[in-house]
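1. how would this look folded up:
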Amino acid sequence: MAQTNILVFGSINVDLVTKVNNLPAQGETVFAETFLTENGGKGANQAVSAARLGAKVSMIGRVGSDGFGRQVLRNLESESINTEMVTEDSDTNTGIALITIDSQSRNTIVVSSGANMTCGATELRYLEASLAKTDCLILQNEVPYVVNLKAARLARGKGVQVVWDPAPFVTDTEELINNVDYLTPNQNEAQLLAKCEITDERSIHKALQRIKKLSDAVCLITMGEDGVFFLSGSELNHVPGYEVESVDSVAAGDAFAGGFATALSEGKSLPVAIKRGCASGALATTKIGAQAAMPFRKEVDHLFNSIH
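-> Residues are numbered from 1 along each chain as shown. This next block holds a predicted model:
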């Protein structure tokens, strides 16, 4: 099987992770059981996910000229990810995410974007020069919106598939949603996009129909252990999740995006690509951390083949 070429344009962070018994209420101080410094950022997580699944991955983004920046670049390179298009910004810090995880694998995340939000013309030039050898572009919402939009337009103009993970959620994305091929919101993001509450399959169907009116892009609503819902025509389709022993859900969505994009780029059908994305996302929840939790190809193949 020929190796696919995936380009990821997005955030590169360091995650400062604490694990607690219960998430603190407003004004409450709790003691952490453990503290970890991890490599993260939605873009970098998705890049590692795709690389471990066999794709040839190039990363576009920006870090600060600091120790954290050097750390995350070394880590990406250790995953065989091309970092030649990651620039250093001496005027700001590398992005930081403060993550707290409770005993039920629920989490809260606070992000200080730093260099990620200074991405601009330099990164777009790198992207445009790379599109001729790119099968799929993955985007998120952790770089400036106008830069994301220009990136999507450039890719679509060259016939490159664009997968957009609309997280963290931002408003006024009407132009971007019409310049991507696939969007992968989770339940909360889908509710905000569709402007309706999701409580059951009927409301999921309603949300997907509303989102379809906004864009021709294929919308995949990821529901964690409940799998993924999407439309085929006007009919609601469901790909069930995989039963695993979850310990940390922090990067499950990023693992899904990397797994889905890789399978799609390999020519897999939409349902199969979704199933492989689900397998990747499920396996990522069985380990602590973000990039460290991304599964390898052999693990995803084993879980996928055990069911299908």
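
2. Tell me where the protein has helices.
-> For the chain, applying DSSP state H gives helices covering 42-52, 67-78, 121-130, 145-157, 174-177, 187-194, 201-214, 252-265, 270-284, 297-307.

3. name the helices or strands packed onto the first one?
-> Secondary structure elements in contact with helix 42-52, counted by 3 or more Cβ pairs under 8 Å, 6 or more residues apart in numbering; DSSP states H and E, are strand 5-9, strand 56-64, helix 67-78, strand 136-139, helix 252-265. Using the backbone N, CA and C atoms, a C-beta is placed for each residue, glycine as well.

4. Now do stretch 101-112: distance from first to last residue.
-> End-to-end distance of stretch 101-112 (Cα to Cα, to the nearest Å): 18 Å.

5. buried residues in it?
-> Across stretch 101-112, burial judged by 16 or more other Cβ atoms under 10 Å covers I101, S105, N107, V111.

6. Stretch 293-307 now?
-> Neighbour-count burial for stretch 293-307 [16+ other Cβ under 10 Å]: A293, M294, P295, E299, V300, L303, F304.

7. Could you say which of the helices of the chain is packed most deeply?
-> Per-stretch averages of neighbours, counted by mean count of other Cβ atoms under 10 Å, single out helix 42-52 among the helices of the chain, with a mean of 31.

8. Tell me the gap between that helix and the middle of its chain.
-> Counting by Cα atoms, centre = their mean, to the nearest Å, helix 42-52 is centred 8 Å from the centre of its parent chain.

9. Mind listing residues that contact that helix?
-> Residues from elsewhere that reach helix 42-52 (Cβ atoms under 8 Å, 6 or more residues apart in numbering): 6, 8-13, 57, 59, 61, 72, 76, 79-81, 138, 140, 142-143, 165, 167, 251, 254-255, 257-259, 261-262, 280, 284, 290-291, 294-297.

10. can you rerun that using 6 Å?
-> Contacts to helix 42-52, defined as Cβ atoms under 6 Å, 6 or more residues apart in numbering, come from residues 6, 8, 10-12, 57, 59, 61, 79-81, 138, 140, 142, 251, 254-255, 257-258, 262, 290-291, 294, 296.

11. cool, and stretch 77-96?
-> 11, 13-14, 41, 47-48, 51, 57-66, 68-69, 73, 76, 112-116, 118, 122, 126.

12. Would you mark the buried spots in it?
-> Residues of stretch 77-96 classed as buried: 79, 81-83, 85-87, 89, 92-96 (neighbour count, 16+ other Cβ under 10 Å).

13. Show the low-confidence segments of the protein, by residue range.
-> 1, 308 (pLDDT under 70).

14. Just give me the residue right at the centre of it.
-> Residue closest to the average C-alpha location in the chain (Cα atoms, centre = their mean): D254, at 3.2 Å.

15. returning to what we had before: nearest to F31 among the buried residues of stretch 293-307?
-> Ranked by distance to F31 (Cβ to Cβ), the buried residues of stretch 293-307 are led by A293 at 24.0 Å.

16. Please name the residues that touch that closest one.
-> Going by Cβ under 6 Å, 6+ apart, A293 touches A251, A284, K287.

17. my guess is the second one contacts G253, does it?
-> Right, A284. No: when contacts are counted by Cβ atoms under 6 Å, A284 is not listed as touching G253 (8.9 Å).

18. Overlap of the contact sets of those two?
-> Joint contacts of A284 and G253 (Cβ under 6 Å, 6+ apart) do not exist.

19. quick check, nearest of the buried residues of stretch 293-307 to L36?
-> Checking the buried residues of stretch 293-307 against L36 with Cβ to Cβ, the nearest one is A293 at 11.4 Å.

20. Nearest residue to the closest one in space, ignoring adjacent ones along the chain?
-> Closest residue in space to A293, ignoring its immediate chain neighbours: K287 at 3.9 Å, by Cβ to Cβ, 6 or more residues apart in numbering.

21. Phi and psi next, for that neighbour.
-> phi -130, psi 150 (degrees, to the nearest 10).

22. on that earlier part again, against Q187, how distant is the nearest residue to the residue nearest to the centre of the chain once chain neighbours are set aside?
-> Of all residues not flanking D254 in the chain, N45 sits nearest, at 3.7 Å (Cβ to Cβ, 6+ apart). Distance of N45 to Q187, given as Cβ to Cβ, to the nearest Å: 19 Å.

23. same question, R74
-> 35 Å.

24. for V272, same thing?
-> Taken as Cβ to Cβ, the span from V272 to Q187 is 23 Å.
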